[in-house]
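**Student:** need the 3D shape of this:
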Amino acid sequence: MNVAVRPLKTKKAADPADLLAWYDRHRRVLPWRARGGKKADPYAVWLSEIMLQQTTVKTVGPYYAKFLAKWPTVDSMADSPLDDVLRNWAGLGYYARARNLHACAKAVVERHGGIFPDSIEALRALPGIGEYTAAAVGSIAFDLPAVPVDGNVERVVTRLYAVEESMPAAKPEIRRLANALLPPQRSGDFAQAFMDLGATICTPKKPACSLCPWNEPCVARARGDQETFPRKAPKREGKQRYGAAFVALRADGCVLLRQRPEKGLLGSMTEVPGSDWAHDFDLPTALAAAPLKAKWRKLAGEVTHVFTHFPLALTVYVAELPRGTKAPKGARWAERAGLADEALPTVMRKVLAHALD
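**Tutor:** Modelled structure (predicted):
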């Protein structure tokens, strides 16, 4: 039986000035964040925001440093081959971001002379920049009046106002409430303060409400059910998929690789040849997908990996081939010693580890 929860009204409204005062004292030191009083670098903001999508600050740190050292400007990234960007992105996941990163760099150079545009509309017209990223770059780099609503901001807002609607249907209302809090000045600091509050105080579990600058106006805290926000609709589990992967080893120490199609999952990444991934994969016919004729040996066990929308289990086959064996069309031989530098997604590194270790 569902029991309606009587909405509460707090005595004090949320004041943006309180959040900014808290931020001035407790702002996080992040490698891509400009120090107080310094102007933010749009390139650094954009690079970090693309990397931080669906990824933690701790994970992003080393990748950000590596990318900035290799490509210190948007022009240098635009001049680099896509495969080089994908290779350095490997392990960070959600590889469409890397393709969009490269496409956006080229667009900034070609359309704007290597200078990021300073309007939300122009930012949104760039590849890979949606509503959130445009608001983040616009507010943080150019102090435009916009609030980037990420997971941290969603959590703060749904608790602050006790938004009962489930995600993702609640997103428009959350954006409306967040934008209503925007102060007339310091848009960039306000955006980062919102993010920091969610990341350090208004955390998913055991939020430190006593330290929050919006403790008093928070409706969920007054009700005592903070950890139940944001409300989430039941998650639909993706259906299990299966497939086969073929690790061909040549006598000279080379491994057969190929590039995945540009469009779709893991687009343009490098892989060992394999079958399609299907719910009804027929293992007895797996060898029909082998890249060349050889004495294929099926390894014990499976390689498992979980993507955002489905879990995957791969049966791995290994074959040894003589020197001089030519690669089939669409594939190439790569030296085993150089596999670490290939643009291999995590699932393919798992396959190779299973076959080669």
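
**Student:** and the nearest residue to residue 151 once chain neighbours are set aside, what is it in contact with?
**Tutor:** Distances taken as C-beta to C-beta, 6 or more residues apart in numbering put residue 198 closest to residue 151, at 7.2 Å, once the chain neighbours are dropped. For every residue, glycine as well, the C-beta is placed using N, CA and C. Residue 198 is in contact with 150-156, counting by C-beta atoms under 8 Å, 6 or more residues apart in numbering.

**Student:** what's the answer for residue 156, then?
**Tutor:** Residues in contact with residue 156, defined by C-beta under 8 Å, 6+ apart, are 194, 197-198, 202, 214.

**Student:** which among the contacts of residue 198 count as buried?
**Tutor:** The neighbour count (16 or more other C-beta atoms under 10 Å) marks 150, 152-156 as buried among the contacts of residue 198.

**Student:** wait, isn't residue 30 in contact with residue 57?
**Tutor:** Yes - taking contacts as C-beta atoms under 8 Å, residue 30 lies within contact range of residue 57: 6.9 Å.

**Student:** ok so, going back, any chance of the contacts of residue 198 in JSON lines, plus pLDDT?
**Tutor:** Below are these laid out as JSON lines (pLDDT from 0 to 100):
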{"residue": "150", "pLDDT": "93"}
{"residue": "151", "pLDDT": "92"}
{"residue": "152", "pLDDT": "94"}
{"residue": "153", "pLDDT": "96"}
{"residue": "154", "pLDDT": "97"}
{"residue": "155", "pLDDT": "97"}
{"residue": "156", "pLDDT": "97"}
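
**Student:** now, which of the residues you listed sits nearest residue 165?
**Tutor:** Of all those, residue 165 sits closest to residue 154, with 11.7 Å by C-beta to C-beta.

**Student:** separation between residue 70 and residue 266?
**Tutor:** Look at residue 70 and residue 266: by C-beta to C-beta, to the nearest Å, they are 22 Å apart.

**Student:** the two: who's more crowded?
**Tutor:** More crowded of residue 70 and residue 266, by other C-beta atoms under 10 Å: residue 266, with 21 against 13.

**Student:** so that one sits against residue 345, correct?
**Tutor:** Yes - contact criterion C-beta under 8 Å: residue 266 and residue 345 qualify, at 5.1 Å.

**Student:** got any residues that touch both of those two?
**Tutor:** Joint contacts of residue 266 and residue 345 (C-beta under 8 Å, 6+ apart) are residue 95.

**Student:** and this structure, what are its domains?
**Tutor:** Here the domain parsing of the chain from automatic domain parsing is 16-228, 241-356.

**Student:** in three-state terms, label the closest residue to residue 304 other than its chain neighbours for me.
**Tutor:** Distances taken as C-beta to C-beta, 6+ apart put residue 313 closest to residue 304, at 5.1 Å, once the chain neighbours are dropped. Three-state assignment for residue 313 (DSSP: H, G, I helix; E, B strand; the rest coil): strand.

**Student:** hang on, the earlier thing: and the contacts of residue 198, which of them are in helices?
**Tutor:** Members of these lying in helices (criterion: DSSP state H): 151-156.

**Student:** out of those residues, which comes closest to residue 185?
**Tutor:** For those, the nearest to residue 185 is residue 153 (19.1 Å; C-beta to C-beta).

**Student:** do you know how far the residue lying closest to that closest one once chain neighbours are set aside is from residue 266?
**Tutor:** Leaving out its chain neighbours, the residue that sits closest to residue 153 by C-beta to C-beta, 6+ apart is residue 194, at 4.9 Å. For residue 194, the distance to residue 266 equals 33 Å [C-beta to C-beta].

**Student:** show me what contacts residue 274?
**Tutor:** Counting by C-beta under 8 Å, 6+ apart, residue 274 has contacts 243-246, 289, 314.
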